[in-house]
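*Asks:* Only the shape, not the letters, is given here:
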């Protein structure tokens, strides 16, 4: 364990991954629409099958550091039972998902072996 703290100024942005299944796809579509109308984000495409470290269907929300204070509380109140993984973009994709992430709702077991340590996100 190190005595040094990591400087949050190194965070370049954030990703949120919204997970859904066949039964909850409609709720995910509603949430996605509302996010697109209310926030400065880039909405990723739908992944109806697991991809990378994500063990379930999901779409990604990419956003700037300055948008976190607006988007996170809104997601807390409006996620409609969906699980959401939120992580910073520090330049280390593995650590971002494994160590620095937070969950809204039930956490899912990520497939971290799909990520390389020290690799920036694609």
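*Replies:* Nice, I can see it. Computed from a prediction, not measured in an experiment: that's the story for all the values here.
*Asks:* so what secondary structure elements neighbour the one helix or strand in the chain whose mean pLDDT sits lowest?
*Replies:* The helix or strand of the chain with the lowest confidence, counting by mean pLDDT, DSSP states H and E, is helix 93-98 at a mean of 95. Secondary-structure packing of helix 93-98 (3 or more Cβ pairs under 8 Å, 6 or more residues apart in numbering; DSSP states H and E): strand 84-88. From N, CA and C alone the C-beta is placed, and that goes for glycine too.
*Asks:* So which other helices or strands are in contact with the strand it packs on?
*Replies:* Looks like strand 84-88 contacts strand 14-20, helix 68-78, helix 93-98, strand 102-104 (3+ Cβ pairs under 8 Å, 6+ apart).
*Asks:* winner for burial among those?
*Replies:* Comparing those by mean neighbour count (mean count of other Cβ atoms under 10 Å), strand 14-20 comes out on top with a mean of 22.
*Asks:* quick one: that strand to helix 68-78, angle?
*Replies:* 20 degrees (axes from the mean of the first three to the mean of the last three Cα atoms, to 10 degrees).
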